[in-house]
Structures are given as structure tokens and as C-alpha cells.
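Q: Quick check, what structure comes out for this input:
(one chain, ligands or ions: 1)
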Amino acid sequence: MSHGERNPAPHGLSDLRAAGDVDAHPGAFDASAGRGVPTWLAAMLNYCSRCGTALRLGPLPAEDRERLACDACGYIAYVNPRLVVTTLPVNEAGEVFLLRRGIEPGRGLWAQPGGFMEIDETVHEGAIRETLEETGLVVEPGEIVGLYTRPEAAIVVIAFAARIVGGAPIVTPEALEVRAFPPEAIPWPEIAFRTSEWALRDWVRRVRPDLAPDER
Ligand SMILES: [Zn+2]
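A: Got it, this is the predicted structure:
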């Protein structure tokens, strides 16, 4: 995956300071309204993408929270999460293929293949594409193992259990190693991302409930 999940992500009222006049609206994102926009993302939201005027954070008619908006043209800069499409490619022996990441974040650690969904593809197409790019495996996505929200990374990760229908494991700059692990031998301490750990635990819970991975 290449989605910046490990970006430092402080929470709280200061999160939008880089994006506008949050100091004038200190209650913009209080506990009851959520944690707001992550700092690293707010830092990229300074100007209207339509006309270039500085954005301003404030209340708007018919909006349930304060929004970044452009006073000049009326554009509202909605900030929404992106979808990361991933698969757990499983072979006929019931082992799941993971890749040892060759790039940051999480270099040297294990994760399932995946990445950002492109604007012109379906979720399934994205999952198949990313899996092929990162592992050389051709998969057929099946059941959804889980959907995982990481507000601090502004992502939602979908994880499909996937049947391997072709291809062969390859090493790429993105993947130093591609290896199949049986459910009882998942390298838990070396998993790159929390979302990967959550997906793998949910998968193990399905295929080997006796392993009770939550008890570890
Ligand atoms: Zn504008």
C-alpha cells in the first residue's frame, strides 16, 4: 500500500490551523463533532481550487459542520476520506500472500497488496490491479473481510479475501519479498499497518477461529 498511513497525526482543534482562520472558530471540531481534518491534509487546503482565493473556515447554510469555503466564488472544499482497495490473496493451501514493503511507510514490514482506488475504475478492478502490480498475482476478489476507517490518515481500507487465479509472485521495488503465510504463522509483530493487522485478524477469525487471534 502507498497511502501515507504512518503520517504523524495529532488530533484536536489545531488540526485546521494551517488551512485557514481556525483561531476565529475554536469550536470548529470539538469532541462531539469529531476530530476534524488531519494536520497533514489541512496543510494542503489553503486556496480555492477553482479560483485561487484563500479558503476560510466557517459556518455555511445547510451544513452541519463548519466548512472550508471560498468567499469569492462560493466553492466549498469538502474534505472526505479516500478508499484504499486491498486483497488478501489466498492460495489453494489456504495461505495468504503478504508482501514485505520496499518503500515507506512501513518499509521492511509486511502488508497485504493494495493502494488508492483510481477515479475511473471499480472497487474490484482497483483491488485486482493493485494486487497484480505489487505481487504479480492475478486474483478474483471474493467476500469482503472488512472495512476499516483511519481518520488520521483520511482513508477507508477495504479488504477482500481473494482467490488466486493466475500469475506468480514477483519482486518489485515496492515488494522486497512476496510470501505465503498459513493462518497460524502470520508475522504479527512485523505487520506494517494497523489496518493490515485488523484485516488479517478478521481473516484468521473466519478461516481458523480456533486460533483466536485477539487473544495474542
Ligand atoms: Zn473560489
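Q: contacting residues around Leu60?
A: Listed by C-beta atoms under 8 Å, 6 or more residues apart in numbering, the contact partners of Leu60 are Glu66, Arg67, Ala69, Ile76. Quick note: C-beta positions are derived from backbone N, CA and C, even for glycine.
Q: Let me have the residues you listed in a markdown table, adding neighbour count as columns.
A: Output for these, formatted as a markdown table (neighbours: other C-beta atoms under 10 Å):
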| residue | neighbour count |
| --- | --- |
| Glu66 | 20 |
| Arg67 | 17 |
| Ala69 | 22 |
| Ile76 | 13 |
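Q: Among those residues, find me the one that's closest to the ion.
A: Taking C-beta to the ion as the measure, Ala69 is the one of the contacts of Leu60 closest to the ion, at 8.5 Å.
Q: Wait, that closest one touches Arg56, no?
A: Yes. Using C-beta atoms under 8 Å, Ala69 is in contact with Arg56, at 6.2 Å.
Q: Excluding covalently adjacent residues, which one is nearest to the residue of the chain positioned farthest from its centre?
A: When each C-alpha in the chain is compared with the mean C-alpha position (C-alpha atoms, centre = their mean), Ala72 comes out farthest, at 33.4 Å. In space, Ala72 comes closest to Thr53 once its chain neighbours are excluded; the distance is 4.0 Å by C-beta to C-beta, 6 or more residues apart in numbering.
Q: What about Glu121, how many residues nearby?
A: Neighbourhood size, Glu121 [other C-beta atoms under 10 Å]: 13.
Q: Name the residues of the protein found near the ion, please.
A: Residues of the chain lying close to the ion by C-beta under 5 Å from the ion are Cys48, Arg50, Cys51, Thr53, Cys70, Ala72, Cys73, Tyr75.
Q: Just the buried ones from the residues you listed?
A: Among the residues of the chain next to the ion, those classed as buried by 16 or more other C-beta atoms under 10 Å are Cys48, Cys70, Tyr75.
Q: Low-confidence bits of the protein, can you list those?
A: Within the chain, the ranges that satisfy pLDDT under 70 run 1-34, 213-216.
Q: now the helices for it?
A: 39-42, 123-135, 194-207 (DSSP state H).
Q: Show me the one of those that comes nearest Gly115.
A: Closest to Gly115 of those is helix 123-135 (C-beta to C-beta; 4.3 Å).
Q: So Gly126 is in contact with Ile119, correct?
A: No. Taking contacts as C-beta under 8 Å, Gly126 lies outside contact range of Ile119: 10.1 Å.
Q: Just want to know which of the two has more residues nearby.
A: Neighbours around Gly126 and Ile119, counted as other C-beta under 10 Å, are more numerous at Gly126. The numbers are 23 against 5.
Q: circling back to that earlier point, thought Cys48 was touching the residue farthest from the centre of the chain, still the case?
A: Yes. Ala72 lies in contact with Cys48 (C-beta under 8 Å); the separation is 6.8 Å.
Q: which residues are contacting stretch 166-176?
A: In contact with stretch 166-176 (C-beta under 8 Å, 6+ apart) are residues 2, 97, 99-103, 108, 113, 132-138, 177-179.
Q: Can you flag the buried ones in these?
A: Buried subset of those (neighbour count, 16+ other C-beta under 10 Å): 2, 97, 99-102, 113, 132, 134-138, 178.
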